[in-house]
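Engineer: Compute the structure for the input listed below.
(2 chains)
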Amino acid sequence: MASRPRATNPQTSTGNMIADSALGLVPETLSAYMALNRKIWESGPLPPAQIEIARLRNARKVNCVFCKSVRYDIARADGLSEDKVAMIQDDFRDSALSQREKLIIAFTDQILIDPAGVSASFKAELLAEFKVEELVHLSLAVAHFSGFSRCAVSLGGMPDELPIMEIPLPQ
Amino acid sequence: MNWLNSGTDHQSTIAVLPDIAAAYDTLYQSLWTQPHLPAQTLELCRLRLAQLHRSTVELQRQEYPVQEGKREHLTHWDTDSRYSALERACLAFTEVYAMDTQAITDELAEAVKLHVGDAGLVLLVEALGILDGRTRLSLLWQLPASIHPPTAEGA
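Structural biologist: Numbers count the residues shown, from 1 in each chain, chains lettered A, B, ... in the order given. The predicted structure is shown next:
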């Protein structure tokens, strides 16, 4: 993993972790990027704890150290415990997670590993558990998180490890 | 129509979530008007991602016109003289990004920055994330291919 940042952060500090990152070098997209992030967390039918399961699964599959270390406070407030986070591993199917939570992880994997290969039986399982609006929400959330994680990895400067950090939703 | 709802394309599929759809559209449109990376270069990267993901839907779509011949010869971007040095640098970066983001090297990033600076590199990786995500969703939702694919003519 690249230890040297490939782009410099903006010279000015705003106190907003995204605006103060290299993403702040492109103000023409920054506000729209942050607005979409907020809408995904606040305006869709899935609750924060379920969105966070998808985000953390993506973080682990893409191997974004920063994304893996973050916990959104709204997801914790919604009931996502560290015990549950510890189950978001490759053996999640044998874990104590609920069927709905397992399907969220499996759906995230499908998008990240083989988006074209969704089977008829998996579609039926998803449609039996989720409303269509929830599946569209989950799809967009995973695509967004995947893009963010890959962006962070691509820009380098990632340490090998970071402690768990609880953060609020960037405004 | 996809397997989720009556949507026939990305926009109509996500229309069931109007707030998120509006925010997504604003971000997506901003990619094509920003000053850091030419939209034609971004379109070539989008098309190359579509090729690598084998997404007929995204490959058929035209987001921004490209110079004649560039769409057709995109698989030969590294040897074809139609492509500029900036386009080659961005396409090289895009290919590695699509295959394994962790495998991106400092050299690939420096080659992009040589032409468009730090902000151009940041825009490229931000855009690739959005375009890669959109391509994955087109495949996931099994969106139908257009019956009116774009012609090869470009600006």
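Engineer: Distance-wise, check the spatially closest residue to residue A:100 that is not a sequence neighbour relative to residue B:121.
Structural biologist: Closest residue in space to residue A:100, ignoring its immediate chain neighbours: residue A:129 at 5.7 Å, by C-beta to C-beta, 6 or more residues apart in numbering or on different chains. Heads up, the C-betas are built off the backbone N, CA and C, glycines and all. Plainly put, residue A:129 is 41 Å away from residue B:121 if you go by C-beta to C-beta, to the nearest Å.
Engineer: more crowded one of these two?
Structural biologist: residue B:121 (30 against 16; other C-beta atoms under 10 Å in any protein chain shown).
Engineer: pLDDT score for the more buried one?
Structural biologist: Listed pLDDT for residue B:121 reads 98.
Engineer: distance of it from residue A:63?
Structural biologist: Residue B:121 is 21 Å from residue A:63, by C-beta to C-beta.
Engineer: Go ahead and flag the most central residue of chain B.
Structural biologist: residue B:46 (1.6 Å; C-alpha atoms, centre = their mean).
Engineer: So it sits against residue B:58, correct?
Structural biologist: Yes: using C-beta atoms under 8 Å, residue B:46 is in contact with residue B:58, at 7.2 Å.
Engineer: which SSE is residue 124 in?
Structural biologist: As the question left the chain open, I've gone with chain A. Element membership for residue A:124, per DSSP states H and E: helix A:120-129.
Engineer: not quite, I wanted chain B
Structural biologist: Residue B:124 belongs to helix B:106-140, assigned by DSSP H and E.
Engineer: same check, this time on residue B:49
Structural biologist: Using DSSP H and E, residue B:49 falls in helix B:39-53.
Engineer: Next: residue B:91.
Structural biologist: Short version, using DSSP H and E: residue B:91 is in helix B:85-99.
Engineer: From residue A:153, how far off is residue B:97?
Structural biologist: 9 Å.
Engineer: same check, this time on residue A:69
Structural biologist: 14 Å.
Engineer: And for residue A:25?
Structural biologist: 17 Å.
Engineer: In terms of neighbours, single out the busier of these two.
Structural biologist: residue A:153 (25 against 21).
Engineer: residue of chain B with the smallest distance to chain A?
Structural biologist: Distances between chain B and chain A by C-beta to the nearest C-beta are smallest at residue B:129, namely 2.5 Å.
Engineer: can you pull the pLDDT of the residue most central in space within chain A?
Structural biologist: The centre of chain A sits closest to residue A:55, judged by C-alpha atoms, centre = their mean, with a distance of 2.3 Å. Residue A:55 carries a pLDDT value of 98.
Engineer: Likewise for residue A:59?
Structural biologist: The per-residue pLDDT reported for residue A:59 equals 98.
Engineer: Counting neighbours, what do you get for it?
Structural biologist: Residue A:59 has 22 nearby residues by other C-beta under 10 Å.
Engineer: Not counting its own residues, what contacts the helix or strand hosting it?
Structural biologist: Taking DSSP H and E as the definition, one finds residue A:59 inside helix A:48-62. Contact partners of helix A:48-62, identified using C-beta atoms under 8 Å, 6 or more residues apart in numbering or on different chains, comprise A:40-41, A:44, A:67-68, A:70-72, A:74-75, A:77-80, A:84-85, A:88-89, A:100-101, A:104-105, A:107-109, A:112-113, A:138, A:141-142, A:145-146, A:149-150, A:153, B:101.
Engineer: among those residues, which ones are buried?
Structural biologist: Buried members of the contacts of helix A:48-62, counted by 16 or more other C-beta atoms under 10 Å in any protein chain shown: A:40-41, A:44, A:67-68, A:70-72, A:74-75, A:80, A:84-85, A:88, A:101, A:104-105, A:107-109, A:112, A:138, A:141-142, A:145-146, A:149-150, A:153, B:101.
Engineer: you'd agree residue A:100 is up against residue A:131?
Structural biologist: No: checked against C-beta under 8 Å, the pair residue A:100 and residue A:131 is beyond contact range at 11.8 Å.
Engineer: Any buried residues in stretch A:152-171, and which?
Structural biologist: So for stretch A:152-171, counting by 16+ other C-beta under 10 Å, buried means A:152-158.
Engineer: Check which residues of the helix holding residue B:124 are buried.
Structural biologist: For helix B:106-140, by 16+ other C-beta under 10 Å, it's B:108-109, B:111-113, B:115-116, B:118-140.
Engineer: which ones are touching the closest residue to residue B:92 other than its chain neighbours?
Structural biologist: Nearest residue to residue B:92, sequence neighbours excluded (C-beta to C-beta, 6+ apart): residue B:108, at 6.0 Å. Residues in contact with residue B:108 (C-beta under 8 Å, 6+ apart) are B:89, B:92-93, B:96.
Engineer: and with 10 Å instead?
Structural biologist: A:6, A:154, B:89-90, B:92-97, B:121 (C-beta atoms under 10 Å, 6 or more residues apart in numbering or on different chains).
Engineer: now the strands for chain A?
Structural biologist: A:70-72, A:165-167 (DSSP state E).
Engineer: Could you say which one of those strands comes nearest to residue A:95?
Structural biologist: strand A:70-72 (18.5 Å; C-beta to C-beta).
Engineer: Noted, bye for now.
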